[in-house]
Structure formats: C-alpha cells, structure tokens
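>>> Starting from these lines, generate the structure:
(chains A and B)
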There are 2 protein chains.
Amino acid sequence: MNSATLAPALRWNSARLTKWMTPHLQAVEAALSRWVGVEAPVLLGDAMRYAVLDGGKRLRPLLVLAASEAVHGNAEAALRAACAAELIHAYSLVHDDLPCMDNDVLRRGKPTVHVKFGEADALLAGDALQALAFELLTPDDGSVPPATQARLCRLLARAAGSEGMAGGQAIDLASVGLALDEASLRHMHRLKTGALLQGSVEMGLACASGVEAAATAALSDYGAALGLAFQVVDDILDVTADSATLGKTAGKDAASDKPTYVSLLGLAGARAEADRLLDEALSALERSALADVAALHALARMVVERDR
Amino acid sequence: MNSATLAPALRWNSARLTKWMTPHLQAVEAALSRWVGVEAPVLLGDAMRYAVLDGGKRLRPLLVLAASEAVHGNAEAALRAACAAELIHAYSLVHDDLPCMDNDVLRRGKPTVHVKFGEADALLAGDALQALAFELLTPDDGSVPPATQARLCRLLARAAGSEGMAGGQAIDLASVGLALDEASLRHMHRLKTGALLQGSVEMGLACASGVEAAATAALSDYGAALGLAFQVVDDILDVTADSATLGKTAGKDAASDKPTYVSLLGLAGARAEADRLLDEALSALERSALADVAALHALARMVVERDR
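Have a look, this model is predicted:
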C-alpha cells in the first residue's frame, strides 16, 4: 500500500516522527499555557484553560507546523497559527459537548467543561476561545508581517465558519436519523472535521510568502484527504475502541442513530476507504514537489493507522 | 450642559443626523443581507440571517462609519468593519438569550433565535456569526490593504474576547445577587458593552493609515465614555420603558437581582452619570483635534438622550 511519495530512505518510522513531534508539542503546550485565559476574569480563564490545556493530540498544531516547515515559513507565525487552530478545535468541543448539542459528560477522560464550570461559563469560554484564536494571529509586536496575519485570519475564519466547521455541525445536527448517502456524509465531514484540518495545512503554508500556487493546491488536497481520512478512522474507533481508550464516550454515534462511514460501508469498507484516502493524501504530497514533507507524510500515516 | 466641543453652527440637530444616517444604514443593511448566511447550510443560514437582519439600531456600524469618515478611512474597509462589529454584537445577543444564560424569549419584538430555530442551531449560528465577522475583515480581492485587515482583526478580537465582551459577560454572570460597588459595576460594563462600542470607534480609525496617536487616543476615550454612557442609559430604560418600546423584556435586571446603575445610584443619579459621561465623550472628541466629528458628536448625544 501507499506506493506514492517519498523514497523509502526519507520515510520516517514512528520513532523518527516522535523525535520530530516532541519539541513541537512542547512548544505548543508552552505557548498555549502562556496565551490562554491568563488575563481573563478568574472563572472564565479557568474554564478556557481547562478546555485547552493538558489534553488533546494537537493534530491541528502539528499539521500547521509541519506544513510551515515544508515551505520554510515564519516560525512565530506558525506557532501562533498552530495554537489558533487548536483553540478553534477546543472551542468546538466545548460547545459540541453542551446539553443542547451532544450532551456529553466525558472528554479526554475528564468531565466536560459545562459539567465542571456550568453551562453558561462553558458557552462563554468557547466564545472567548474563538476570539482568542484571532487575537493570537494578529500580534502588534512586528513579529509577523501584516500580510501573513491577514491571510491566516482569512483561512481560519473560513475553516471555522458556516461554510466550514460550524456549517458541518449544522448539517450533522440536521441529519440525525436520516439515511444519508456516501456523498452527503462526505460533504458533511468535509466541513465538520475536514475544513479545520485542511485549514491547518493551509495556514502552515500561509506562514511563508511566495509559495507556488501548484504546491499550495497540492497541499490543500493533502489536507482535504487527510481530514476525511481522520473522520473515517474516528468512525471506526467509535465502534472498535472502548471509552477508556478514546477518552470520550464510545459508541455514541451508533447509539444516537447518526450516520457514519461504518454504518454506510461496514467496518472493512470503512478501513478500505481510509487507506484509499491515505493514498490520495500521499499522492498529493508528492505532487507538491516540495522537498521537506517527511513530517506531513508521517502525520498522515499516523492519523490513518491509529486504529491498527 | 455639554459646553465642550463643536461650534454651535457645526452641531447637528436630529434631522441632520438622520440625513447622515439614512444612506449609511441602507448600505449596512444591504451589505449584511449580501454577506450573512447566504452560502451556509439552509437552516444555519436562516438562523444567522434571522439573528442579524431586520432589527437593531446598528449603533456599532454607525460608530465605525463615523469614525472612519473623521479620518478619511478606506470606505470598503469601514463597511466591512461596520458589519463585522454588528455580527459580533448579534452573536452575543443570540448566545446571551439562550436558556443557560438569560433565557430570554423576546428580542427586537420577535421570538429569540433559539425559540425560533432551537437551541443547537442558535448556538451554532452565534458561533458562525463570530467567524463570519473575521471573514468579512479579510477579503482577498485587493480592496482592503493587508495591514488594515490585520489591525481590524486585532481590534475586533480584543473587543470580543475574554478581556472584552465575553469577559464582561462572565463577570456579569458571576455578580448576580452580589452587592457590587460602582467601580466593579463600571469595570464589568466597560468590558461587557463598552469594549465593542469602543472597539467600533477604534476600528473606524484603523480604516485609515497614519492617524496621529493623540487623535487615536482621544477617540478611543470617546468610545470608552460613550460605551459606558450607553449602558447607564440602558439601565435607566430597563426601569422606565415598557417591553413594547424596548422590543425586549423590560424590568429583567431588577427581577433577576442584577446590579445596575439605577439600583446603585438611583434614577436621578444614573441620569446625572449619563450626562457626565456624555460630557467626557464630547471633550475627548474636541481633544482629538479632528475636523469632521459632527457625526460622532451627534451619535453620542443620540445615545444618551434616547431616554428623554
């Protein structure tokens, strides 16, 4: 499988990927801890930090950083964009867990934000995290060129909004109990999960100036395929893993009669679809003709193979 | 009263203000209708448009436009910033009305968004409106310089976030039933209502390049004083007006045991405070030494005198 991309000598094994990830994850954690909720009114700040710190795989930040490195982007811009993408993700989880949405009480193995802080503060913490994402992207200390700031805000706003993540969640809401076909399911997930993952890759690219349009288009395709693959594997894990492994309630989708890739394609079919999307992502990487894509390559494989 | 600022010949009466406002309001309504929820999934887009269109005094957009005109700012940037400020305001109302917050069923004389569309879609519509605000500020058609886009995003993010509007709402939540002193009440309102009104003025200024720091500081003070005056008058109207006039439930604050300027200072004391803040705003306008501030002058008076 995955005949495309990267001479075998350039492919990272999991130890090499871990070696790359470790300092990046440390930098992201330190930055989030420095930037999130510190100046906020006490309870709100606590809720914001609880929602963001000490949890999460930080996949979106890693994608931003890997994409930025592939084009030798501004490192400060990339760190800020990495954190901003994570804040959007974190806020979406806080709001998604609220009683009027999924009504979930467990997330990353801990009580959800509204269980711990109350619904009103959870709502406000999510709102404030979204605003903070855009604040992080627009420092006034001269560290990030204004044109980069504007590009990053544009990409993040589109990824998060009604034609991206929030739109996908609305379609998801409206489709409970409906018999979606694969095209509709795919469209929903392209928005709900895919838009922010793809947007993370695009933000990484936007940290550099003068990246060729062909490379940008190819890496955007990589992000789209990866984003969908992520969701397919999520659907698989919802069936095959237990709550302790997931850190959230397993079997929720089936129980709530939500359409999933597994309910549509079966378990083997969903796994084949994940592999196909991985191939698509890796082919797009090759098409980008960028040299330093070993981290992006390894991250895609990590996403798809986390259920193996 | 209000001896400060503007030779009498330059002060607008209400007919002159209306003449200025009418085309600006039309432009804002047309832009909002063109930009809000059009490409969103059906129900979400409907909820977004319901939350934003056909209602509201559009005070924040008018402040953006008047401030931009005072410094001869980029008109496209100003229109986008005007709409973005209104979207942040509109989303905050949608979330504020939710059952877990104020649980309000009436807004601008109509059922609130969650009553009409359900809580989940109201939550998502608010989230999507916040993202859309930043999307509007970052067009990629060359109409707004990137440095202006970045400044506008920075100002709006700060005004909306945990050290601005969302932070003020959190303090408000935490203070129900408490005996706040005037300093604490003022701090809460400076964030909750004031930050976005002040931010609207600052965004208007940011639509031009090279505005003198002293003028920016003075107009920022104008915005801060106006923002607080607005809240004092709101507190007065909550006591003196009926629901039909307000378009929302009157007497809510007193009923929910929230501290207000009226509960703290009495009705006459609150009116005196509103007048004092108006003077402060108009003095700041004069200090700005900008020539074209007649609209800002008239808007401040309109805000404070709407209870007379």
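>>> helices or strands up against the strand or helix carrying residue A:233?
Assigning secondary structure by DSSP states H and E places residue A:233 in helix A:213-240. Packing partners of helix A:213-240 (3 or more CB pairs under 8 Å, 6 or more residues apart in numbering or on different chains; DSSP states H and E): helix A:59-70, helix A:182-189, helix A:195-206, helix A:243-246, helix A:252-255, helix A:261-287, helix A:294-305. Every residue, glycine included, has its C-beta placed from N, CA and C.
>>> Using a markdown table, please lay out those helices together with mean neighbour count, distance to chain B and mean pLDDT.
Output for the helices and strands packed on helix A:213-240, formatted as a markdown table (neighbours: other CB atoms under 10 Å in any protein chain shown; distance: least, CB to the nearest CB, whole Å; pLDDT from 0 to 100):
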| stretch | mean neighbour count | distance to chain B | mean pLDDT |
| --- | --- | --- | --- |
| helix A:59-70 | 27 | 16 | 98 |
| helix A:182-189 | 18 | 9 | 93 |
| helix A:195-206 | 28 | 11 | 98 |
| helix A:243-246 | 13 | 23 | 60 |
| helix A:252-255 | 15 | 16 | 62 |
| helix A:261-287 | 19 | 20 | 95 |
| helix A:294-305 | 22 | 24 | 96 |
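>>> Quick one: closest of these to residue B:63.
Closest approach to residue B:63 among those is made by helix A:195-206 (31.4 Å; CB to CB).
>>> TSV for the helices and strands packed on helix A:213-240, including distance to residue A:125?
Below are the helices and strands packed on helix A:213-240 laid out as TSV (distance: least, CB to CB, whole Å):
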stretch	distance to residue A:125
helix A:59-70	19
helix A:182-189	26
helix A:195-206	18
helix A:243-246	23
helix A:252-255	22
helix A:261-287	31
helix A:294-305	27
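>>> and residue B:143, which of these is closest to it?
By CB to CB (comparing all of the helices and strands packed on helix A:213-240), the closest turns out to be helix A:195-206, at 19.2 Å.
>>> which residues does the closest residue to residue A:174 other than its chain neighbours contact?
Closest residue in space to residue A:174, ignoring its immediate chain neighbours: residue B:43 at 5.9 Å, by CB to CB, 6 or more residues apart in numbering or on different chains. Neighbour list for residue B:43: A:170, A:174, B:117, B:121 [criterion: CB atoms under 8 Å, 6 or more residues apart in numbering or on different chains].
>>> and with 10 Å instead?
Contact analysis of residue B:43 by CB atoms under 10 Å, 6 or more residues apart in numbering or on different chains lists A:170, A:171, A:173, A:174, B:117, B:118, B:120, B:121, B:124, B:125.
>>> got JSON lines for those, with secondary structure, distance to residue B:24 and neighbour count too?
Supplementary listing: the contacts of residue B:43 in JSON lines, determined by DSSP: H, G, I helix; E, B strand; the rest coil; distance: CB to CB, whole Å; neighbours: other CB atoms under 10 Å in any protein chain shown:
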{"residue": "A:170", "secondary structure": "helix", "distance to residue B:24": "32", "neighbour count": "29"}
{"residue": "A:171", "secondary structure": "helix", "distance to residue B:24": "36", "neighbour count": "22"}
{"residue": "A:173", "secondary structure": "helix", "distance to residue B:24": "37", "neighbour count": "20"}
{"residue": "A:174", "secondary structure": "helix", "distance to residue B:24": "37", "neighbour count": "16"}
{"residue": "B:117", "secondary structure": "helix", "distance to residue B:24": "30", "neighbour count": "22"}
{"residue": "B:118", "secondary structure": "coil", "distance to residue B:24": "34", "neighbour count": "15"}
{"residue": "B:120", "secondary structure": "helix", "distance to residue B:24": "35", "neighbour count": "23"}
{"residue": "B:121", "secondary structure": "helix", "distance to residue B:24": "31", "neighbour count": "26"}
{"residue": "B:124", "secondary structure": "helix", "distance to residue B:24": "30", "neighbour count": "33"}
{"residue": "B:125", "secondary structure": "helix", "distance to residue B:24": "26", "neighbour count": "32"}
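>>> tell me which of those is nearest to residue B:30?
Within those, distances to residue B:30 taken as CB to CB reach their minimum at residue B:125, with 20.9 Å.
>>> my guess is the closest one meets residue A:95, correct?
No - taking contacts as CB atoms under 10 Å, residue B:125 lies outside contact range of residue A:95: 11.7 Å.
>>> Help me confirm that residue A:25 comes into contact with residue A:65.
Yes - with contact defined as CB under 10 Å, residue A:25 counts as touching residue A:65 (9.5 Å).
>>> re earlier: kindly present the contacts of residue B:43 as TSV, with separate columns for pLDDT.
Compiled in TSV, these are given as follows (pLDDT from 0 to 100):
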residue	pLDDT
A:170	96
A:171	95
A:173	91
A:174	91
B:117	97
B:118	97
B:120	97
B:121	97
B:124	98
B:125	98
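>>> Fine by me, thanks again.
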